[in-house]
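*Asks:* coords please:
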Amino acid sequence: MIKKLIAPILITIFLILYLIVYGTVVITYLPIPMAARIMLGIIPLALIGLMIYVLIERIKEIDSGEEDDLDKY
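*Replies:* Residues are numbered from 1 along each chain as shown. Okay, the predicted model is just below:
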């Protein structure tokens, strides 16, 4: 079961790191107004929260033995 969890966890970690770097660069280095910086900083944070939620749902699916959603359709 741990082998099935490795890929989703690694992909989530890499995407979170990417979004952190993106958010940091946008907030720090772009010469844009403060309101735009705040909005462009909130978007990566929302995506990080969404990715963590999806990872938790995927882990629940793997734990329940339902690995493929195609059987529902």
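*Asks:* contact partners for the residue most central in space within the chain?
*Replies:* When Cα atoms, centre = their mean is applied to the chain, the residue found nearest the centroid is M51 (2.9 Å). Residues in contact with M51, defined by Cβ atoms under 8 Å, 6 or more residues apart in numbering, are 12, 15-16. Every residue, glycine included, has its C-beta placed from N, CA and C.
*Asks:* mind putting the residues you listed into TSV with distance to Y29?
*Replies:* Below are the contacts of M51 laid out as TSV (distance: Cβ to Cβ, whole Å):
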residue	distance to Y29
T12	26
L15	21
I16	20
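*Asks:* circling back: for the residue nearest to the centre of the chain, give me the pLDDT.
*Replies:* For M51, the model assigns a pLDDT of 95.
*Asks:* hang on, the earlier thing: hmm, which of the contacts of M51 are the buried ones?
*Replies:* Among those, those classed as buried by neighbour count (16 or more other Cβ atoms under 10 Å) are 12, 16.
*Asks:* count of residues packed around P44?
*Replies:* Using other Cβ atoms under 10 Å, the number of residues around P44 comes to 19.
*Asks:* helix or strand: which one has it?
*Replies:* helix 34-64 (DSSP states H and E).
*Asks:* okay, now the unreliable bits of this protein?
*Replies:* 66-73 (pLDDT under 70).
*Asks:* hmm, try it at 50
*Replies:* For the chain, no stretch has pLDDT under 50.
*Asks:* which ones are touching I9?
*Replies:* With contacts defined as Cβ under 8 Å, 6+ apart, I9 is in contact with L55.
*Asks:* next one: it from V21, what distance?
*Replies:* 19 Å (Cβ to Cβ, to the nearest Å).
*Asks:* cool, T12 as well?
*Replies:* T12 is 15 Å from V21, by Cβ to Cβ.
*Asks:* spit out the contact partners of the nearest residue to L19 once chain neighbours are set aside.
*Replies:* Nearest non-adjacent residue to L19, counting by Cβ to Cβ, 6 or more residues apart in numbering: P44, 4.1 Å away. Counting by Cβ under 8 Å, 6+ apart, P44 touches 19-20, 22-23, 26.
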